[in-house]
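Enquirer: The sequence isn't on hand, but the structure is:
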(Lines give C-alpha, C1' and ligand atoms only; values in the text may rest on other atoms or scores of the structure.)
Protein backbone atom coordinates (compact mmCIF):
# COMPACT_ATOMS: atom_id res chain seq x y z
CA UNK A 1 0.00 0.00 0.00
CA UNK A 2 2.79 2.42 0.83
CA UNK A 3 4.47 1.64 -2.53
CA UNK A 4 1.29 2.74 -4.30
CA UNK A 5 1.16 5.99 -2.34
CA UNK A 6 4.85 6.63 -3.00
CA UNK A 7 4.38 5.96 -6.71
CA UNK A 8 1.39 8.29 -6.90
CA UNK A 9 3.08 11.10 -4.99
CA UNK A 10 6.13 10.89 -7.27
CA UNK A 11 4.29 12.97 -9.85
CA UNK A 12 3.96 16.71 -9.35
CA UNK A 13 0.38 16.88 -10.59
CA UNK A 14 -0.67 14.20 -8.09
CA UNK A 15 0.87 16.13 -5.21
CA UNK A 16 -0.81 19.34 -6.37
CA UNK A 17 -4.17 17.63 -6.75
CA UNK A 18 -3.89 16.11 -3.28
CA UNK A 19 -3.02 19.46 -1.71
CA UNK A 20 -5.80 21.27 -3.55
CA UNK A 21 -8.29 18.54 -2.63
CA UNK A 22 -7.40 18.87 1.04
CA UNK A 23 -7.71 22.68 0.89
CA UNK A 24 -11.08 22.48 -0.85
CA UNK A 25 -12.19 19.92 1.73
CA UNK A 26 -11.54 22.43 4.50
CA UNK A 27 -12.81 25.58 2.75
CA UNK A 28 -15.94 24.32 0.95
CA UNK A 29 -17.98 23.51 4.09
CA UNK A 30 -17.29 26.96 5.50
CA UNK A 31 -18.40 28.68 2.31
CA UNK A 32 -21.36 26.32 1.98
CA UNK A 33 -22.64 27.14 5.46
CA UNK A 34 -22.34 30.86 4.73
CA UNK A 35 -24.21 30.48 1.43
CA UNK A 36 -27.05 28.47 3.00
CA UNK A 37 -27.46 30.96 5.85
CA UNK A 38 -27.73 33.85 3.37
CA UNK A 39 -30.19 31.82 1.22
CA UNK A 40 -27.94 31.92 -1.83
CA UNK A 41 -27.95 28.20 -2.58
CA UNK A 42 -29.14 28.70 -6.18
CA UNK A 43 -26.48 31.26 -7.06
CA UNK A 44 -24.16 28.73 -8.74
CA UNK A 45 -26.98 27.55 -10.97
CA UNK A 46 -28.03 31.10 -11.83
CA UNK A 47 -24.51 32.30 -12.60
CA UNK A 48 -23.78 29.25 -14.74
CA UNK A 49 -26.84 30.00 -16.87
CA UNK A 50 -25.84 33.66 -17.16
CA UNK A 51 -22.29 32.62 -18.10
CA UNK A 52 -23.63 30.30 -20.79
CA UNK A 53 -25.60 33.21 -22.22
CA UNK A 54 -22.46 35.37 -22.19
CA UNK A 55 -20.39 32.75 -24.01
CA UNK A 56 -23.17 32.31 -26.56
CA UNK A 57 -23.28 36.07 -27.06
CA UNK A 58 -19.51 36.09 -27.58
CA UNK A 59 -19.77 33.32 -30.18
CA UNK A 60 -22.60 35.19 -31.90
CA UNK A 61 -20.48 38.35 -32.07
CA UNK A 62 -17.61 36.37 -33.57
CA UNK A 63 -19.84 35.01 -36.32
CA UNK A 64 -21.27 38.38 -37.34
CA UNK A 65 -18.04 40.36 -36.86
CA UNK A 66 -15.00 38.23 -37.74
CA UNK A 67 -12.72 41.18 -36.96
CA UNK A 68 -13.26 40.41 -33.25
CA UNK A 69 -11.38 37.13 -33.57
CA UNK A 70 -8.86 38.29 -30.96
CA UNK A 71 -11.55 38.32 -28.23
CA UNK A 72 -12.16 35.01 -26.50
CA UNK A 73 -15.88 34.30 -25.87
CA UNK A 74 -14.95 33.22 -22.34
CA UNK A 75 -14.37 36.88 -21.49
CA UNK A 76 -17.98 37.61 -22.37
CA UNK A 77 -19.02 34.77 -20.06
CA UNK A 78 -16.96 36.20 -17.20
CA UNK A 79 -18.37 39.67 -17.82
CA UNK A 80 -21.94 38.37 -17.88
CA UNK A 81 -21.35 36.39 -14.65
CA UNK A 82 -20.02 39.47 -12.85
CA UNK A 83 -22.93 41.59 -14.07
CA UNK A 84 -25.36 38.82 -13.09
CA UNK A 85 -23.91 38.62 -9.57
CA UNK A 86 -24.13 42.39 -9.20
CA UNK A 87 -27.74 42.37 -10.42
CA UNK A 88 -28.64 39.62 -7.96
CA UNK A 89 -27.20 41.63 -5.10
CA UNK A 90 -28.92 44.81 -6.32
CA UNK A 91 -32.28 43.03 -6.44
CA UNK A 92 -31.69 41.50 -3.01
CA UNK A 93 -31.03 44.90 -1.46
CA UNK A 94 -33.84 46.67 -3.33
CA UNK A 95 -36.56 44.17 -2.43
CA UNK A 96 -35.73 43.04 1.09
CA UNK A 97 -39.06 41.27 1.59
CA UNK A 98 -38.46 39.10 -1.51
CA UNK A 99 -34.71 38.51 -1.34
CA UNK A 100 -34.83 34.85 -2.34
CA UNK A 101 -36.69 35.57 -5.60
CA UNK A 102 -33.80 37.63 -7.05
CA UNK A 103 -31.76 34.56 -8.00
CA UNK A 104 -34.50 32.80 -10.03
CA UNK A 105 -35.25 36.08 -11.83
CA UNK A 106 -31.63 36.43 -12.98
CA UNK A 107 -31.45 32.71 -13.79
CA UNK A 108 -34.52 32.99 -16.02
CA UNK A 109 -33.06 36.03 -17.73
CA UNK A 110 -29.79 34.15 -18.24
CA UNK A 111 -31.58 31.24 -19.86
CA UNK A 112 -33.52 33.57 -22.13
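Expert: Yep, it's here. As the structure is a prediction and not an experimental result, all values here were calculated from the model. Residues are numbered from 1 along each chain as shown.

Enquirer: C-alpha only now, for contacts and for neighbours.
Expert: Fine.

Enquirer: What average pLDDT does the strand or helix carrying residue 86 get?
Expert: Element membership of residue 86, judged by DSSP states H and E, is helix 73-94. Helix 73-94 carries an average pLDDT of 92.

Enquirer: Break down this structure into its strands, ranges please.
Expert: Using DSSP state E, the chain contains no strands.

Enquirer: For the helix or strand bottoming out on mean pLDDT in it, enumerate the helices and strands it packs against.
Expert: Scoring the helices and strands of the chain by mean pLDDT, DSSP states H and E places helix 2-9 at the bottom, with a mean of 78. Helix 2-9 is packed against no helix or strand, with contacts defined by 3 or more CA pairs under 8 Å, 6 or more residues apart in numbering; DSSP states H and E.

Enquirer: can you give me the offset of that helix from its chain's centre?
Expert: 34 Å (CA atoms, centre = their mean, to the nearest Å).

Enquirer: Next: stretch 30-47.
Expert: Taking mean C-alpha positions (CA atoms, centre = their mean), stretch 30-47 and its chain are 12 Å apart.

Enquirer: Flag every buried residue along that stretch.
Expert: Neighbour-count burial for stretch 30-47, with 16 or more other CA atoms under 10 Å as criterion, is recorded at 40, 41, 43, 46, 47.

Enquirer: was I right about the last one contacting residue 108?
Expert: No - shown here, residue 47 and residue 108 do not form a contact pair, counting by CA atoms under 8 Å, at 10.6 Å.

Enquirer: How about residues contacting the least confident helix or strand of the chain?
Expert: 14, 15 (CA atoms under 8 Å, 6 or more residues apart in numbering).

Enquirer: Tabulate the buried residues of stretch 30-47 in CSV, adding columns for distance to residue 7 and pLDDT.
Expert: Listed next are these as CSV, based on distance: CA to CA, whole Å; pLDDT from 0 to 100:
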residue, distance to residue 7, pLDDT
40, 42, 74
41, 39, 76
43, 40, 83
46, 41, 89
47, 40, 90
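
Enquirer: Quick check: of these, which lies closest to residue 67?
Expert: residue 47 (28.5 Å; CA to CA).

Enquirer: now the residue nearest to the closest one when sequence neighbours are not counted: how far from residue 28?
Expert: Once flanking residues are discounted, residue 47 sits nearest to residue 81: 5.6 Å by CA to CA, 6 or more residues apart in numbering. Per CA to CA, to the nearest Å, residue 81 is found 20 Å from residue 28.
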